[in-house]
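> sharing a model that was predicted from the sequence below.
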Amino acid sequence: MPIQLYAFDTPNGRKISVALEEMGLPYDVHVVDITQNEQFEPAFLAISPNNKIPAIVDPDGPGGRPISVFESGACLLYLAEKTGRFWPAEPAAHVATLEWLMFQMGGFGPIPGQVHHFIALADEGDRRYGLQRFMDETRRLYAVMDRRLAAHAFFAGSELTVADFAIIGWAWRHPRHQVDLADFPHVQRWYQAMMARPAVAHGFAVPLRRG
């Protein structure tokens, strides 16, 4: 039976649609319109206790029983373990995958997310300090990624992993971060290679909004 994906058209939602496409798993989309506060509805709360998208329900979970998974990083790890794909067994690559997945979840997501918040404020006084602070830190994170990719094809090394799926969701929003990828040529090379993958393209094309 297909996995049920509960998501919206956000970087965190796109991480999971990309992963599902790359892993070749059948899935159905349930749009949770966070602009209409649908994430607070009791039915979704039962799946995602933190009222955040994305979340998944796998009808064929451990022991053949349904299981729900919330938090995008947990969803990626669950899907990687379920399929055995994009989850390297070699110890150094395994550790690197975990490192860069945590890098995204702890930094390259929350920080540019603050840019999204402050850039939308109408009052210049409210915008100025927060926007400068989080834009500077966002660029620092891009520089960290650029140094890593100068010597590696992907974040965990030579092979594609769930860490790349996590990061591509946020790198996709680089125009909204006001970041020119030409300033970070190794990130730009990786980004273009990722977006050229048919499954990644399909993952970004899946409708995660209504209408």
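Arrived safely, thanks for sending.
> helix or strand for the residue of the chain positioned farthest from its centre, which one?
Distance from the centre of the chain peaks at residue 125, with 31.1 Å (Cα atoms, centre = their mean). In the assignment (DSSP states H and E), residue 125 maps to helix 124-149.
> quick check: next helix or strand after that helix?
Assigned by DSSP H and E, the successor of helix 124-149 is helix 162-171.
> can you list the domains in the protein?
3-86+200-205, 91-197 (automatic domain parsing).
> so who does the residue farthest from the centre of the chain touch?
With contacts defined as Cβ atoms under 8 Å, 6 or more residues apart in numbering, residue 125 has no neighbours. C-beta: built from backbone N, CA, C; applies to glycine.
> what about it, distance to residue 178?
19 Å (Cβ to Cβ, to the nearest Å).
> residue 134 now?
11 Å.
> need the residues touching each of these two.
Common neighbours of residue 134 and residue 178, using Cβ under 8 Å, 6+ apart, are residue 115.
> of the two, who's got more company?
residue 134 (21 against 13; other Cβ atoms under 10 Å).
> need the nearest residue in space to the more buried one, chain neighbours excluded.
Closest residue in space to residue 134, ignoring its immediate chain neighbours: residue 114 at 4.0 Å, by Cβ to Cβ, 6 or more residues apart in numbering.
> and the helices in the chain, which stretches?
Per DSSP state H, the chain carries helices over the ranges 11-23, 42-45, 72-83, 91-106, 110-119, 124-149, 162-171, 174-177, 185-195, 198-205.
> could you check the angle helix 185-195 makes with the first one?
Right, helix 11-23. 60 degrees (axes from the mean of the first three to the mean of the last three Cα atoms, to 10 degrees).
> keeping just the C-alphas, turn helix 11-23 into PDB.
C-alpha atoms of helix 11-23 as PDB (Å, rounded to 0.1, in the frame of the first residue of the first chain):
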ATOM      1  CA  PRO A  11      11.400  23.100   2.000                       C
ATOM      2  CA  ASN A  12      10.700  20.500   4.700                       C
ATOM      3  CA  GLY A  13       7.800  19.100   2.700                       C
ATOM      4  CA  ARG A  14       9.900  18.900  -0.500                       C
ATOM      5  CA  LYS A  15      12.600  16.900   1.300                       C
ATOM      6  CA  ILE A  16      10.200  14.000   1.700                       C
ATOM      7  CA  SER A  17       8.600  14.100  -1.800                       C
ATOM      8  CA  VAL A  18      12.100  14.100  -3.300                       C
ATOM      9  CA  ALA A  19      13.200  11.200  -1.100                       C
ATOM     10  CA  LEU A  20      10.100   9.200  -2.000                       C
ATOM     11  CA  GLU A  21      10.600   9.700  -5.700                       C
ATOM     12  CA  GLU A  22      14.300   8.800  -5.500                       C
ATOM     13  CA  MET A  23      13.500   5.700  -3.500                       C
END
